[in-house]
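Chemist: sharing a model that was predicted from the sequence below.
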Amino acid sequence: MKKILQSLPFRLLAGVVLGILAGLYANEVFMNIIVTLKQVIGQVITFCVPLIIIGFIAANILMGLIGMLICRQVIKITKVSDAILVPVIVVLSTIGSYSINNRISDVYMMLAFGLIGYLFKKVGLPTAPIILGLLLESTGEQGFKNAILMAKDTPVLLYYLQRPASLVLILLIVATVIVPTIQSAVKAVRNRRA
């Protein structure tokens, strides 16, 4: 190693040593800058968070005041005839569905779901649960994937039934399905007797 170092030109050796020293110094300076930035950012965050919360409170108060001031004018929208309102809604929905991904297939999908909603309304089925299901589908699927991963070797249904919170939610879901059915059956029996 000594012979290799002696065979190198002095300028090259000095450059390597200076580069190493400069790198060490630059690393120390860089670390000092990072520590300083962390301190500054921490102070900015502790200063800004209360301001952000105060801003949210002020925005809510202003929205409430503006809502109270313009509510009488907004109510007039409900008096607009369907002949004007429906085409405006259709045009805005079409523009909105196309502008998300710039694909005409999204417009076709919007029209298909609009037709499905119209048919549901004609049959008498509520559309709100379907819309809620479509909106929450990805969240529910992600939760189910997590449950499968956490269950490991246990069957997923058994895993759900072993958790108290899951058991309570399952019972509430079953109750919301069964109780209205029982209530309508009881009403039908009472109406037959009367």
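Modeler: Done, it's in.
Chemist: most centrally placed residue in the protein?
Modeler: Among the residues of the chain, the one closest to the centroid is T139, at 8.6 Å (CA atoms, centre = their mean).
Chemist: against R192, how distant is the nearest residue to Y160 once chain neighbours are set aside?
Modeler: Distances taken as CB to CB, 6 or more residues apart in numbering place S166 nearest to Y160, at 4.4 Å, with adjacent residues excluded. All C-beta atoms are positioned from the backbone trio N, CA, C, and that covers glycine. Using CB to CB, to the nearest Å, one gets 40 Å for the distance from S166 to R192.
Chemist: neighbour-wise, which of those two wins?
Modeler: Legend: neighbour count by other CB atoms under 10 Å for S166 and R192, higher for S166 (13 against 7).
Chemist: tell me what the helix or strand where the more buried one lies is packed against?
Modeler: Per DSSP states H and E: S166 is located in helix 164-193. In terms of contacts (3 or more CB pairs under 8 Å, 6 or more residues apart in numbering; DSSP states H and E), helix 164-193 is packed against helix 156-162.
Chemist: output the helix it packs on as PDB - backbone C-alpha positions only.
Modeler: What follows is helix 156-162, C-alpha atoms only, in PDB (Å, rounded to 0.1, in the frame of the first residue of the first chain):
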ATOM      1  CA  VAL A 156     -62.000 -15.700   8.100                       C
ATOM      2  CA  LEU A 157     -65.600 -16.200   9.400                       C
ATOM      3  CA  LEU A 158     -64.200 -17.800  12.600                       C
ATOM      4  CA  TYR A 159     -61.700 -14.900  12.900                       C
ATOM      5  CA  TYR A 160     -64.600 -12.400  12.700                       C
ATOM      6  CA  LEU A 161     -66.700 -14.300  15.200                       C
ATOM      7  CA  GLN A 162     -63.800 -14.400  17.800                       C
END
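Chemist: domains of the chain?
Modeler: Listed by automatic domain parsing, the domain ranges of the chain are 2-71, 84-125, 136-188.
Chemist: using JSON lines, lay out those together with distance to I77 and mean pLDDT.
Modeler: Shown next, in JSON lines, are the domains of the chain (distance: least, CB to CB, whole Å; pLDDT from 0 to 100):
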{"stretch": "domain 2-71", "distance to I77": "11", "mean pLDDT": "68"}
{"stretch": "domain 84-125", "distance to I77": "8", "mean pLDDT": "90"}
{"stretch": "domain 136-188", "distance to I77": "29", "mean pLDDT": "87"}
